[in-house]
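Engineer: The sequence and its predicted three-dimensional model are supplied below.
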Amino acid sequence: MQILRPFWFNYVQFSDLLLLAPAFAAFVILVLLRRRRRPPARPLDVAKLPPNSIVVDGSNVLYWGDEPSSDMVLRVLRNLEEKGYTPIVFFDANVGYVLDDHYYNEAKIAWLIGVPAHHVCVVSKGVVADESILAFATDHNLRVVTNDKYRDWRLRFPHADKRGVLIGGAWRDGAVKWRGKL
C-alpha cells in the first residue's frame with residue numbers, strides 16, 4: 001500500500017523543516033501580539049492634574065477649519081495655552097485614519113499637536129470618545145472645548161448641562177474665535 005504524500009514532500013527534508021520552525025514560531029507570536037487589544041489609555045495621573053486644566057474634544061476641533069487637520073487642533077491648543085490653560089486632549093480611535101490612513105497612538109498625535117503624550121488620550125476602538133470626555137470632565141470638574149452639545153449624554157453627565165462647561169469656537173480670519181467666555 002502506497003502512502004499519499006504532498007508533492008513537495010520529496011523536495012523538502014526534515015532538517016529543512018527544523019530550520020524553519022523558529023521563523024514560523026516568531027511569525028505566529030508577532031501576529032498574536034499585533035492582534036492583542038490595547039487597554040484604555042489614561043491621559044493623566046489624577047493626582048498630578050495640572051492647574052487650569054481644560055478638556056479638549058480633539059476629534060471635534062479637527063473640523064473647526066475647512067477640512068480635518070491636526071494644524072487646527074495645534075492652533076486651538078496654542079490659543080488655550082496663551083490664555084493660561086493646560087489642555088487635556090481626547091481623540092476618537094479613528095483619528096489617524098481621518099488624518100493619514102493609519103492608526104495614531106498617543107505619542108504620534110502628541111508629536112503632531114505639540115503637547116506631552118500624557119496629556120493626550122486616543123480612546124480604544126469601540127469606545128465612545130464622548131463618554132470618556134464627559135466622564136473625565138465630570139470627575140475633575142473641568143470645562144470642555146467642543147462644538148458638540150452632547151445632548152445624548154446629558155442625563156448621564158449633568159455636568160455637561162451646566163452653564164459655561166461646554167465652550168465652542170471656530171477658526172475665522174486666521175484666528176480662533178470663542179463662543180462664550182473662556
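Structural biologist: Nice, I can see it.
Engineer: Please make it C-alpha for all contacts and neighbour counts, starting now.
Structural biologist: Fine.
Engineer: Can you classify the closest residue to residue 87 other than its chain neighbours by secondary structure?
Structural biologist: Leaving aside its sequence neighbours, residue 87 sits nearest to residue 54 (C-alpha to C-alpha, 6 or more residues apart in numbering; 5.0 Å). The local conformation at residue 54, judged by DSSP: H, G, I helix; E, B strand; the rest coil, is strand.
Engineer: Quick check: phi and psi at residue 27.
Structural biologist: The phi/psi pair for residue 27 (degrees, to the nearest 10) reads phi -60, psi -50.
Engineer: hmm, I was thinking of residue 95
Structural biologist: The phi/psi pair for residue 95 (degrees, to the nearest 10) is phi -60, psi -40.
Engineer: Can you give me the pLDDT of it?
Structural biologist: Looking at residue 95, its pLDDT stands at 94.
Engineer: shouldn't the residue nearest to residue 87 be in contact with residue 85?
Structural biologist: Yes: counting by C-alpha atoms under 8 Å, residue 54 does reach residue 85; the two are 6.4 Å apart.
Engineer: quick one, which of these two is more surrounded?
Structural biologist: Neighbours around residue 54 and residue 85, counted as other C-alpha atoms under 10 Å, are more numerous at residue 54. The numbers are 21 against 18.
Engineer: which residues does the residue most central in space within the chain contact?
Structural biologist: Taking C-alpha atoms, centre = their mean as the criterion, residue 122 is the residue nearest the geometric centre of the chain, at 1.7 Å. Residues near residue 122 by C-alpha atoms under 8 Å, 6 or more residues apart in numbering: 41, 90, 91, 92, 93, 95, 105, 106.
Engineer: Who wins on neighbours among those?
Structural biologist: residue 91 (28 neighbours).
Engineer: what is that one paired to in the beta sheet?
Structural biologist: The partner list for residue 91 in beta bridges (DSSP bridges) reads residue 122.
Engineer: Show me the contact partners of stretch 130-150.
Structural biologist: With C-alpha under 8 Å, 6+ apart as the criterion, stretch 130-150 contacts 53-57, 60-61, 90, 123, 153, 157, 159-160, 164-169.
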